[in-house]
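>>> The following block contains a protein sequence and its predicted model.
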Amino acid sequence: MLSLRNVAKTYPGVRALRGVRLELAAGEVHALLGENGAGKSTLIKIASGVVQPDPGAEIRIGGVVVEHATPRQIQELGVAVVYQNPTLFAELSVAENLLFGEDGAVISWRGRAAAARALLARIGAELDVERPVKDLRMAEKQLLEIARALGRKARVLILDEPTASLSQQDADRLLDLVEKLRAEGVAILYITHRLEEVLRLADRFTVLRDGAYIGTYPRSEVDRARLIQLMAGRDLAEMFPKVRVPLGETVLDTRALCHEPSGVDNISLSVRRGEILGLAGLVGAGRTEFARVLFGLSPATSGAILIDGKPVAIRTVGDALAQGLAYVPEDRKEHGVVEALPIAENISLPILRRLAGVWLEEPREEQLAAELSARLGVKAASIYVAAGTLSGGNQQKVALARWLATKPRVLILDEPTQGIDVGAKAEIHRIMGELVKEGLAIILISSELPELLGLADRIAVLRRGHLAGILSAEEASREAVLHLALEDNAS
Amino acid sequence: MVDKTSASAATPPGRPSAFARWLPNAEWVLLLVLLAEAVGFGLAHPRFLTLDNGFEIARLAAEVGLLAFGLTFVIKTGGIDLSVGSMMGLTAVTLGGAWSLGLPIWLAALLAVALGGAGGALHGLLITRLRVPPLIVTLGTFSLYRGLAEALTGGSVSYTGFPASFLALGQSYLAGWLPVQLVVVGLLFMLLWVLLQRTVFGRELGVIGHNPGGARFAGVSVASVTTRAYVLCGACAALAGVIYVSRIGQAKADAGLGYELTAIAAVVLGGTSINGGRGTLHGTLLGLLCLIVLQNGLRLAGQPSEIAGLLTGAVLIVAITASRFLFQSSARPAAADESLSNPDELTMKNSQLALLIAAILGGAALIAVSNVFLARSVTEAGSAAVQSARSASLPASAGATSVAAAKPPAVRTVVALTPKAKADPYFVSCKQGADAAAAELGVDLLWDAPTDPDPAKQTEIVEAWITRGVDVIAASCASPEALSSVLRKAQERGIKVISWDADAKSDARGFFVNQATAEGIGSTLADEGARLAGGKGRYAIITASLTDSNQNEWIKFIKARMAAAYPGMELAAVQPSDGQRDKAMTEARNIVRAYPDVKVIIAVAAPAVPGAAEALKQENRRDVKLTGLSVPSLCKSYVHDDWIQSIVLWNTQDLGYLTVRASAAVQDGTLKPGATSFSAGRLGSLKVEGDQILLGKPFIFNAANIDGFNF
Amino acid sequence: MTSLLRRHSREAALLSAIAALFLLPLFGVNGFYAVSTFRSLAIDNLPVLLAAAGMTLVIVAGQIDISIGSQFVVGGIAAGLLAKSGLPMPFVVLATIALGAVLGALNGLLVAAARIPAIIATLATMVLLRNGVLRATGGDWIQNLPAGFQWFGLPSGVAQVAYLAAAAALFGAFAWAMRNTSAGRAFYAVGCDHEAARRIGLNPSRQVVAAFAVLGVATAVAALLNFTRYPTIETNAGLGFELKVIAAVVVGGTAITGGRGSPIGTLLGVILLGSIGTVFTFLHVNPAWEKAIQGAILLVAVVADTAFRKESARG
């Protein structure tokens, strides 16, 4: 269906891709794997016509040779891309997003609504087609993107990290949908960092590394370890090595914490020095919302937060900082770092006032930043380059360094390894291990169950904003967590 | 506090050079432009590169500068404040009002600045708490503040007679050469510079501009920091209003009209990103200087202000496009491919070089363009030879300080006339007469004014003429208070000064070319109005803008005359036309509907009379009579069709003619104080009463005589 | 019904405000409620309405244009000079509209190709055009226009009705097209998200240039409908025109951030802001208050809107 041969792309000073090929057959799920920076995104952009390859490449869609095609023309040939961050029109309705540009010159709103409902029904999603998309949840937006691609009669569907921001349950639904589409004869190119997913789904695997084509392998030839080795070009130690440290006294304690507008309902938890407390739950279960309450981003409407057993008031981020809390947010690009600023200024941001009061003291600031980025192994030319130029993993390290600079006692990590490559992920895990050794308490929010199961001392499971249960490392298993997270099993 | 040596010893590798850190946004391009301007104008006019002129430039930049400094803080957060000019108006009125109610002047000034801060706090509140976009909030307060200023004063009240100690702020020179407000603004600049560049607050502003969400997650109190930026901006605007009042000597609702655009242009030109984040205060200063120096240099070169306007627009586009190209690389990563995330991306030596060349070429092109304009306008004036001879001979005596020494005897007299507004048909016809007289006498005529009446801008034009060293300045004063102080300064420098059309204070000029007194105009208009109404009934007045001082003066005398001589006449309404015909038509139509018994309309602005006539014609209201003050050519057809019964005016061409004649006579000594008559070329001998040269009584044009006039 | 009201809360609020405003003269003198009052209100506001329709498109596309006051007067002067040169009126109209499209597209190119933020680019062209006009005309009005210029030679009563009909047709067609054609929706898409628009095959740069060009055309038509009301052309016209237009669009509920807005809301905004002055004159209110009240209305409208949105998002 889709065939790319001898694809190369050179940007000024950078060879993003060279000699890449990819064959995608109808009724196949084909996994495209590679660490961040391996060239997957560039390949997708070329396949979808957003970027033109260097001369010499040969692209065929359904047997037709395509040259210098616009995104529109490629779409008309039946290729649709579902991006990691859904690119929808926030102000426009579900129906309009689904069928944008599908009508002729004049739009029939009634016909469009009916067609939209039919499309959504096909993928088993129930959405009000008149609602503006900005009111939808992330998972709903993801479904909408897929429905839109199907609406375009896509014969080739490119899914770029579709489950990255979905809960396990939503992700499972999506994977079911992918299987269903495969059965219908759609050719699917699937890009992900979650190896379990592609090991479950994919028929063939193509691996890229540093812009170069490594190879294409049928399912029978690969397993998890082999894929990791192919992607990294080296063998990686076991994933999720848990560092066992003796637990200290309780640092943070919440008593019946509530935040009504975001649905955080009556959560009582505690975390001890040296402990990693996992926070599990479906997307929308209130994990991030709970973290926001702790960090003063949305102050609690009732309940109490105790630090070292003493009740404290946390109404603002400043209060949380003063109490020794730190929060590495989920959305790295929007909240974790300020992309336009140099690494040094990113790291010193929360402690500027602590460093020097009213005045800036750049030498001290830079010294501190240099120390921390060296400690965390941030790979950058210097601490003066903009954080936006870094890879996801390095950005995450900068976001982490920023909070270590505050010398926190409790560190909240919200999806710290989402969308970053395997190597960087391992390093983040190593750093977490070091931190707990130093006596830090960590609250780890993750949608990747193996990560939680591997790292956490205890796992608190949230469901619909309240605490469904807490599992010790021994009790915790995939099934046990899901059992608590899913509503129908509620006691 | 910090051990400097150990800190510098431990300086991490890869630290950008001081140059890159202090001029991160290609501000050095502006330095080049500034340099190019300095060289270009310095060559074009010897007096440009003098200390005197430097201070003058700085003095005139003070108010816009204050606005721009405040705006830098706001724009750095990604916001904008369109209301700063209006805030100047509101503070001017507050200051004047509070003072006239008996508050000590400095307390009133303090109150005004506090009001500015409060206005800024309101912006901050609406923007941070209610999440209304800054553009919208300040578009609303742009109208609201100016509207309040007008409402509080009815538009027409202006406060004058401030104590000398207060006026010193805007008019005096420390040690005889250093302008006071320059010291104030200079100190404030340093303070603000430290605040923006060297404090945590300043850093946080930029972070908010880059990414408000990220700032909040990093513990920055976004709402409070943003609000403080707006408060600061409001207070700066208010202080600018105070300095404005002190410089102009009067407090009126129209202070700072249109200043916001220049200020925003300066900030953006200075490298501050309109989207927030990037920007330095010294960049803003450079941007501001580029604009102000351009204006000043062109004025010294005798270029009309619209050339400066054209070039300002061009500079804005060129400079920003240039810096866009420089920053294209850093703007890209957001959308770029991950494999493009190369740390070396910001060091693009080749493109920097290219930009450097482009900037130099751009600067050169600007100078070239301005010279082309110079040459063309000189040819147009028909005195190319003399002009070039003059500029060629001047550099030789560039060091000379006195006006007389700088002027070789063979050179022709330069007469500079400033009307109140350039785009007003009334003054356009005056210029025809002035041109005729200049050609007859062989003098060089400079003619410049703001587009619309604006005492502050008019003052700036006269200041430039003083520096340039003209022989005679003849001013039609948009505000006697404002112009008199600068005209006095001109006299001190040995320039002959007369006033025409609208008088200055009598000590600030030699003669006044008096076409008609305000009382004469008002009475004549009242007489005409009463005659047309049959001595009894209601009348309505359409004025220019509510803040126009001349019109307000005339209206005062119309009312007085009506009350005294025609007790049967009753005033229905005074409506503003903003000097625009469109609005005059709407207003006239509304008047005849809302006041059905109005018998006569008196329109006291040149565009308002034809506007009102068109309204009557379209409404077909033969029963309403129309008279007013306008130019015959605009009204001729309406007069013939009897929509306008009469217009009151003098011969405007003769007024311009007489003014130039009188200017030349004052210069060559044929017209001296104490003269009782003056021979004015084609006008014959005219009477001189005291220090007033009388053109004659206002003339009433009507269907019978209007065809005899061609202006 | 409630969802309909909720979806059109801004329109409903504006309608009530307009109704209240138009009821005020009941307590003043008579003479307001006459066909002729409303007709001339409409005629006076036609230029603002047409330009505001174009501005709605530009703001929906995520841009802004503050140079239209200058474009407006340039259009008028061009029409006048062309008519004076003896060109028949239909050609004058076409040439003026073409000029408007060019001026608009120029702004669009500065924004889309030279990547200058719209507010800055159009600030520059505003200053350029305004000073260019002053340079070219010296402030002199364009006079001695051919007889066929004013009202296209029609009797003024007939012409007014014709103007109203023409403007209503143009505006209606425009509003319909913006809502119901793929071409119209493309501007919404671009205003929501450039990247998303690019991915579905739209060219955001082209859309931006097109939006500015459409506004240029709308402004040129507005200039034609305005300046042909007179036998001469004032060269100082259009000062502050852009602010009037933008205020009406914003009061009408178009989001300055792009992607949301409707010409119908704009129509209501124009009616509300454009009628205040006239109503006040009939109420014999001191005109000095007019500007302050317009500013207050703008603030109240957006503040109320944000408050309502917050409320409904919560509930």
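Happy to help now that I have it. No experiment lies behind these values; they were computed from the predicted model shown.

>>> pLDDT averaged over the host helix or strand of residue B:225, what's the number?
Assessed by DSSP states H and E, residue B:225 sits inside helix B:222-248. The average pLDDT within helix B:222-248 is 95.

>>> That helix: how far from the chain's middle?
Centroid separation for helix B:222-248 versus its chain: 20 Å, with Cα atoms, centre = their mean, to the nearest Å.

>>> That helix and chain A, any residue contact?
No - Helix B:222-248 lies out of reach of chain A by Cβ under 8 Å from any Cβ of the partner chain, never closer than 9.5 Å. Every residue, glycine included, has its C-beta placed from N, CA and C.

>>> Below-threshold pLDDT in the stretch 201-315 of chain C: ranges please.
C:309-315 (pLDDT under 70).

>>> Assign a three-state SS to the closest residue to residue A:466 other than its chain neighbours, would you?
Leaving aside its sequence neighbours, residue A:466 sits nearest to residue A:265 (Cβ to Cβ, 6 or more residues apart in numbering or on different chains; 4.2 Å). Recorded secondary structure, residue A:265: strand (DSSP: H, G, I helix; E, B strand; the rest coil).

>>> Let me see the confidence value for residue A:265.
For residue A:265, pLDDT reads 89.

>>> What residue in chain A comes nearest to chain B?
residue A:382 (2.4 Å; Cβ to the nearest Cβ).

>>> Tell me how far that residue lies from chain C.
28 Å (Cβ to the nearest Cβ, to the nearest Å).

>>> And residue A:202, by the same measure?
Distance from residue A:202 to chain C, counting by Cβ to the nearest Cβ: 24 Å.

>>> Could you count how many residues lie near that residue?
26 (other Cβ atoms under 10 Å in any protein chain shown).

>>> Ok, residue B:121 next?
Counted with other Cβ under 10 Å, residue B:121 comes out at 16.

>>> tell me the contacts of it?
Applying Cβ atoms under 8 Å, 6 or more residues apart in numbering or on different chains to residue B:121 gives the contacts B:227, B:230-231, B:234.

>>> Closest one of these to residue A:124?
Lowest distance from residue A:124 to those (Cβ to Cβ) belongs to residue B:227, with 48.0 Å.

>>> hmm, stretch B:466-485 in reach of chain C?
No - judged by Cβ under 8 Å from any Cβ, stretch B:466-485 stays clear of chain C, getting no closer than 14.3 Å.

>>> Report the mean per-residue pLDDT for that stretch.
88.

>>> Figure out the length between the terminal residues of it.
Start-to-end span of stretch B:466-485 (Cα to Cα, to the nearest Å) is 13 Å.

>>> Just give me how far that stretch sits from the chain centre.
On Cα atoms, centre = their mean, the centre of stretch B:466-485 falls 14 Å from that of its chain.

>>> and the residue nearest to residue A:466, what does it touch?
Residue A:265 neighbours (Cβ under 8 Å, 6+ apart): A:258, A:286, A:464-466.

>>> out of the residues you listed, who has the most neighbours?
Ranking the contacts of residue A:265 using other Cβ under 10 Å puts residue A:286 first, with 24 neighbours.

>>> How about the residue of chain A closest to chain B: what's its closest non-neighbour residue?
Using Cβ to Cβ, 6+ apart, the closest residue to residue A:382 is residue B:14 (2.4 Å).

>>> OK, contacts around that neighbour?
Here residue B:14 is in contact with A:381-385 (criterion: Cβ under 8 Å, 6+ apart).

>>> you'd agree residue A:46 is up against residue A:53?
Yes - Residue A:46 lies in contact with residue A:53 (Cβ atoms under 8 Å); the separation is 4.8 Å.

>>> Identify the contacts common to these two.
A:7, A:9, A:17, A:59.

>>> Next, format those residues as CSV and append neighbour count.
Formatted as CSV, the shared contacts of residue A:46 and residue A:53 follow (neighbours: other Cβ atoms under 10 Å in any protein chain shown):
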residue, neighbour count
A:7, 23
A:9, 23
A:17, 28
A:59, 21
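
>>> Return the member of those residues nearest to residue C:74.
residue A:9 (45.8 Å).

>>> What does the pLDDT read for the closest one?
At residue A:9, pLDDT is 87.

>>> Next up, identify which helix or strand it is on.
Assigned by DSSP H and E, residue A:9 falls in strand A:2-11.

>>> Put the alpha carbons of that strand into PDB.
Written as PDB, here are the backbone C-alpha positions of strand A:2-11 (Å, rounded to 0.1, in the frame of the first residue of the first chain):
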ATOM      1  CA  LEU A   2       2.700   2.400   1.000                       C
ATOM      2  CA  SER A   3       6.300   2.000  -0.100                       C
ATOM      3  CA  LEU A   4       9.200   4.300   0.700                       C
ATOM      4  CA  ARG A   5      12.600   3.600  -0.800                       C
ATOM      5  CA  ASN A   6      15.900   5.300  -0.500                       C
ATOM      6  CA  VAL A   7      14.500   8.100   1.600                       C
ATOM      7  CA  ALA A   8      17.000  10.700   2.800                       C
ATOM      8  CA  LYS A   9      16.500  14.100   4.300                       C
ATOM      9  CA  THR A  10      19.200  16.700   5.000                       C
ATOM     10  CA  TYR A  11      18.500  19.800   7.000                       C
END
